[in-house]
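[1] Would you be able to build a 3D model of this:
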Amino acid sequence: MTVYFIGAGPGDPELLTLKGARLISECPVCLYAGSLVPEAVVANAPKDAIVMDTAPMHLDETHAEIVKAHANGQDVARVHSGDPSLYGAIAEQIRRLKADGIDYKIIPGVPAYTAAAAALGQELTVPEVAQSIVLTRMSMKSTGMPAGETLDNFGRTGTTLAIHLGIRALREIERQLIPHYGADCPVAVIYRVGWPDELILRGTLSDIRAKVRDAKITRTALILLGPALADDNGFPDSALYDATKPHVLRPKAKT
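    Now for the predicted structure:
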């Protein structure tokens, strides 16, 4: 018996990996986070499978279902949004599985920030503008952030930021990041990326809060910001396909 932590992607059922889809179709027990994973993602579960939305359940309840499946020799598809390695809350589940001697495997999925970049039609790492991405979140009422992991510290890098759970903290985001990025820094808010009601708002650090308020977005949105999101940075082409710069697979430079 194995518990499969499956990354469902951001919402679009077609962004579920082939491996994830196969395992969902094979497992007799399927536990999915219904607040963030559409039913369509688990629609191919076996007809006689036990399919449970874990959104209203707490950790001990979901683990009890896994223990029950383990006693029955049934594999479990534990389906999470995005990629389980990022804010997937799987660490505490794994701790319990190890304590009970239950095998598990992790099946990666498409993270929300990559789906958001695709929806924007942009690359998040631009030559000589931004070559790093900081994935972070706001604490608010959620688990607190470790010391040192602050917006102020991340803002000092000047690179692309992907901020989760921050849609209700835009005023604080403005306060901490405008000194580093400037009021005109481009910002994109992507609401429910990959879902039928996906909504994209573009603006700057100085005006995005008003746009979000007008759109009445209060949850389930990712914030991307940084100079890489500008329409035209005047950036140079990368060296990857530069005809004048040879590399191991293209050993001869071309003029």
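[2] hmm, who's touching the helix or strand hosting Ile94?
    Secondary structure from DSSP states H and E places Ile94 in helix 91-99. Applying C-beta atoms under 8 Å, 6 or more residues apart in numbering, the contact partners of helix 91-99 are Val3, Phe5, Leu59, Thr62, His63, Ile66, Arg78, Asp103, Tyr104. For glycine as for every other residue, the C-beta is placed from the backbone atoms N, C-alpha and C.
[3] Go through it and flag the buried ones.
    Across helix 91-99, burial judged by 16 or more other C-beta atoms under 10 Å covers Gln93, Leu97.
[4] Downstream of that helix, the next helix or strand is which one?
    strand 103-107.
[5] So which bits of that next one are buried?
    Applying 16+ other C-beta under 10 Å to strand 103-107 flags Tyr104, Ile106, Ile107 as buried.
[6] Of these, which is the nearest to Leu199?
    Using C-beta to C-beta, the shortest approach to Leu199 within the buried residues of strand 103-107 belongs to Ile107, at 28.6 Å.
[7] Where does the residue nearest to the closest one when sequence neighbours are not counted sit: helix, strand or coil?
    Closest residue to Ile107 apart from its sequence neighbours, by C-beta to C-beta, 6 or more residues apart in numbering: Ile6 at 4.6 Å. Under DSSP: H, G, I helix; E, B strand; the rest coil, Ile6 falls in the strand class.
[8] pretty sure Ile6 contacts Ser81?
    No. Contact criterion C-beta atoms under 8 Å: Ile6 and Ser81 do not qualify, at 10.3 Å.
[9] anything in contact with each of the two?
    Between them, Ile6 and Ser81 share these contacting residues under C-beta under 8 Å, 6+ apart: Gly109.
[10] The two: which is more packed in?
    Using other C-beta atoms under 10 Å as the criterion, Ile6 and Ser81 rank with Ile6 on top: 31 against 27.
[11] Contacts only, for the more buried one.
    Gly20, Leu23, Ile24, Ala77, Arg78, Val79, His80, Pro84, Ile107, Gly109.
[12] Please name the bridge partners of it.
    Val79, Ile107 (DSSP bridges).
[13] Next one: it relative to Ala147, how far apart?
    Separation of Ile6 from Ala147 (C-beta to C-beta, to the nearest Å): 33 Å.
[14] Just the CA atoms of stretch 186-193, as CSV, please.
    The C-alpha coordinates for stretch 186-193 follow below in CSV (Å, rounded to 0.1, in the frame of the first residue of the first chain):
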residue,chain,number,x,y,z
PRO,A,186,5.0,46.3,-12.6
VAL,A,187,2.7,44.0,-10.6
ALA,A,188,0.4,41.2,-11.8
VAL,A,189,-2.4,39.6,-9.7
ILE,A,190,-3.6,36.3,-11.0
TYR,A,191,-6.8,35.1,-9.5
ARG,A,192,-7.6,31.3,-9.7
VAL,A,193,-5.2,30.7,-12.4
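[15] quick thing: my sequence starts at 14, can you match it?
    I'll keep to 14 as the first residue from here, and by that count the last item is stretch 199-206.
[16] what sits up against that stretch?
    23-24, 125, 128-129, 132-133, 180, 210-218, 221, 224-225, 228, 230, 233-240, 242-243.
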